[in-house]
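Q: got a sequence here, can you build the structure:
(2 chains)
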Amino acid sequence: MPVTITSLNPLFVGEVSGVDLTQPLTHDDVAGIEAGMDRHAVLVFRDQRLTDEQQLAFSRHFGELEATRGTGISKPGELRLDPAFADVSNLDTNNQPLARDNRRRLYSLGNRLWHSDSSFKAVPATYSILSGRVVADKGGETEFADMRAAYDALDDAVRASIEDLVCEHSLQYSREQLGFDLTPEERATMRPVRQRLVRTHPVTGRKSLYLASHIGTITGWPVPEARAFIRDLTEHATQPRFVYTHRWRPWDLVMWDNRQVMHRVRRYDESKPRDMRRTTVAGTVMTVAQAA
Amino acid sequence: MNITPAHPVFAGEVSGIDITRPLSRDQVAAVEAGMDRYAVLVFHDQALTDEQQLEFSRNFGELEVTLAGQMAKPEDRRLGDRLELGDISNLTARNAIRERDDRSRMYALANRLWHSDASFRAIGAGYTLLHGRVIPGKGGNTEFADMRAAYDALDDATKAEIEDLVCEHSIVFSREQIGFADYAPGNEDRLRPVRHRLVITHPVTGRKSLYLSSHIGGIVGWPVPEARAFIRDLAEHATQRQFVYSHAWRVGDLVMWDNRTVMHRARRFDDLKEVRDLRRTSIKGTGLEVGQAKAA
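A: Numbers count the residues shown, from 1 in each chain, chains lettered A, B, ... in the order given. Coordinates of the predicted model:
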């Protein structure tokens, strides 16, 4: 049975049927999913009871995977999952919910701000692939905003004014916004990288806004002016008409193209377990030439 | 005096009154009643002088001095030593357009974040009155969001959760968000956080509203990142389009609003090329002391 995709939103997001991701995929399956990603930017697969190994095997069809080591604040020995996974749960290594003032929990609250995964890397990610193992009864939705539609909806004067702007991204900027205290050592690992604000998708040729809460300034702009402007653009880009809200069911797998969408998680009752596991496909190109 | 609604949930346009002249007791009462109901009132074509604006404002209580004025050096104050008159312009003391990296421009950019005036003081502002003298050709609107309607629209569980929360406000927190922290020494007392209840009750109407502001940096008893993420969610809820009136300025508009029932912000305009000159007066708030005392 071939891969079929049904639209879930007028602008973007498709639900995929006719494919079992626990099984090896054919060349056509992979091509069908990639074509779906180019068009829909977010794809939802239901009832995919993946093991970690199966999630890794599925993800590797789309490129090399990012390792999460060195990008967060977790130290070796604190990881609940294989380093190829980003642990997007609220759980400790004993699978218990983290305490309210747990540092890793407070750090992860940055995911409640609109962002694009790994925009703080000189070579940023393409796809993120998130498997919902234990989902929240209430809240904990993941929202996606279509940065192509948001770009298209800008007026001509704004489009012209932003065409060649370059932003500086770092994890320290998103964490600073929530008042999270980073140590000097952590800060040192979070050197800002530069990304074009307007990027063009390599396959479809569509332009999109490359926004993220990781942005701290625009090259050549005074910081307060840059931040006020980026906030305005983000507000424009995340209007309800550009947003799809994903309400998780257990064993949903959602993949999205970080080059084309922003996302964020919504609040939920963190005294209960929420176990989400993310694999991330590494990109191969920079948006601005710089030292990697 | 007549008031026409300017928006489905709040904001009214006032006609039939000349506020350049002294007001009768009945006229003051009518304006106050309008404020209780609409929270934002717009008076068009009022050619006020600074003195007349101060005079009109004093009808509604004791005037506040502006923090930016207090912190500025006397020689940098365009409007002289009357600290009750806030300079909401992009002009230097010599009436030139501020340079791109001008410190006062950086400080004022935080007005583009949703806020309630003077919520960083132990007693925040009641009414603010803003008069348009020079208006740019494009942009520079002031937007208002109705914090009563925003409160009413919360679900019951959220209302119960926030009922007794107390927030910490400081000018430092709003400026930090846009990366500004350049304060002259000697202002430590002005920068120290104050506490306000998140849910406040209007002293006249008894209506509850969300006392939100970009000046909030924490919730008492909460870890800071959790508080900030939650306040951002609430502010996003409270500033949805259905709660927002956008005021497109005309020269001679006087807009007054109640900081206990609305948040506001300025929108972007080409401030390196065009002049925008607005003058602000604020009335000391009443009815907020209760929250402050309870919070302490």
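
Q: neighbours of residue 63, how many?
A: You didn't pick a chain, so chain A it is. Neighbour count of residue A:63, defined by other CB atoms under 10 Å in any protein chain shown: 15. Every C-beta, even on glycine, is put in place using the N, C-alpha and C of the backbone.

Q: please go with chain B instead
A: Residue B:63 has 18 neighbouring residues, counting by other CB under 10 Å.

Q: beta partners for it?
A: residue B:283 (DSSP bridges).

Q: list the pairing partners of the strand or helix carrying residue A:145 within its sheet, with orientation.
A: Residue A:145 is part of strand A:142-146, with elements assigned from DSSP states H and E. Strand A:142-146 sits in its sheet next to strand A:243-246 (antiparallel), strand A:261-265 (antiparallel), going by DSSP bridges.

Q: what sits up against it?
A: A:11-13, A:41-42, A:114, A:130, A:237-238, A:242-246, A:248, A:254, A:256, A:260-266 (CB atoms under 8 Å, 6 or more residues apart in numbering or on different chains).

Q: which residues of the chain score low on pLDDT?
A: In the absence of a named chain, chain A is used. Low-confidence segments of chain A (pLDDT under 70): A:1, A:69-71.

Q: that answer is for a different chain, and I need it for chain B
A: B:287-296.

Q: spell out for me which residue occupies the centre of it.
A: Nearest to the geometric centre of chain B sits residue B:117, at 3.5 Å (CA atoms, centre = their mean).

Q: tell me how far it lies from residue B:171.
A: 11 Å (CB to CB, to the nearest Å).

Q: then residue B:11?
A: From residue B:11 to residue B:171 the distance is 27 Å (CB to CB).

Q: more neighbours, the two?
A: Remark: of residue B:11 and residue B:171, residue B:171 carries more neighbours, 26 against 23, as counted by other CB under 10 Å.

Q: what's near enough to touch the closest residue in space to the more buried one that isn't next to it in sequence?
A: Nearest in space to residue B:171, with sequence neighbours left out and distances taken as CB to CB, 6 or more residues apart in numbering or on different chains, is residue B:120 at 4.6 Å. Shown in contact with residue B:120 (CB under 8 Å, 6+ apart): B:67, B:169, B:170, B:171, B:174, B:193, B:194, B:213, B:215.

Q: please enumerate the helices of the chain.
A: I went with chain A, as the question did not name one. Ranges of helices within chain A are A:27-40, A:52-59, A:103-108, A:147-152, A:156-162, A:171-177, A:184-188, A:223-237, based on DSSP state H.

Q: look at chain B instead
A: Going by DSSP H, chain B shows helices at B:25-38, B:50-58, B:67-71, B:103-108, B:147-152, B:156-162, B:171-177, B:188-191, B:224-238, B:289-295.

Q: any chance you could list what contacts the shortest one?
A: With CB under 8 Å, 6+ apart as the test, helix B:188-191 has contacts from B:67, B:70, B:71, B:170, B:171, B:172, B:183.

Q: tell me the residues of the stretch 101-250 of chain A that contact chain B?
A: Taking CB under 8 Å from any CB of the partner chain as the criterion, the stretch 101-250 of chain A approaches chain B at residues A:101, A:106-107, A:109-110, A:112-113, A:175-180, A:216-217, A:222-229, A:231-232.

Q: out of those, which are buried?
A: A:106-107, A:109-110, A:112-113, A:175-180, A:216-217, A:222-229 (16 or more other CB atoms under 10 Å in any protein chain shown).

Q: in a markdown table, list the strands paired with strand A:142-146 along with mean neighbour count.
A: Compiled in a markdown table, the strands paired with strand A:142-146 are given as follows (neighbours: other CB atoms under 10 Å in any protein chain shown):
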| stretch | mean neighbour count |
| --- | --- |
| strand A:243-246 | 20 |
| strand A:261-265 | 24 |
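
Q: figure out which of the ones you listed is closest to residue A:151.
A: Using CB to CB as the measure, strand A:261-265 is the one of the strands paired with strand A:142-146 that comes nearest residue A:151, at 11.7 Å.

Q: ok, which residues in the stretch 101-250 of chain B are in contact with chain A?
A: Near chain A, when you scan the stretch 101-250 of chain B using CB under 8 Å from any CB, you find B:101, B:106, B:109-110, B:112-113, B:175-180, B:217-218, B:223-226, B:228-230, B:232-233.

Q: drop anything exposed from those residues.
A: Among those, those classed as buried by 16+ other CB under 10 Å are B:106, B:109-110, B:112-113, B:175-180, B:217-218, B:223-226, B:228-230, B:232.

Q: hmm, back to that, let's have the helices of chain A in CSV, adding distance to residue B:4.
A: Output for the helices of chain A, formatted as CSV (distance: least, CB to CB, whole Å):
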stretch, distance to residue B:4
helix A:27-40, 46
helix A:52-59, 59
helix A:103-108, 49
helix A:147-152, 35
helix A:156-162, 33
helix A:171-177, 40
helix A:184-188, 55
helix A:223-237, 29
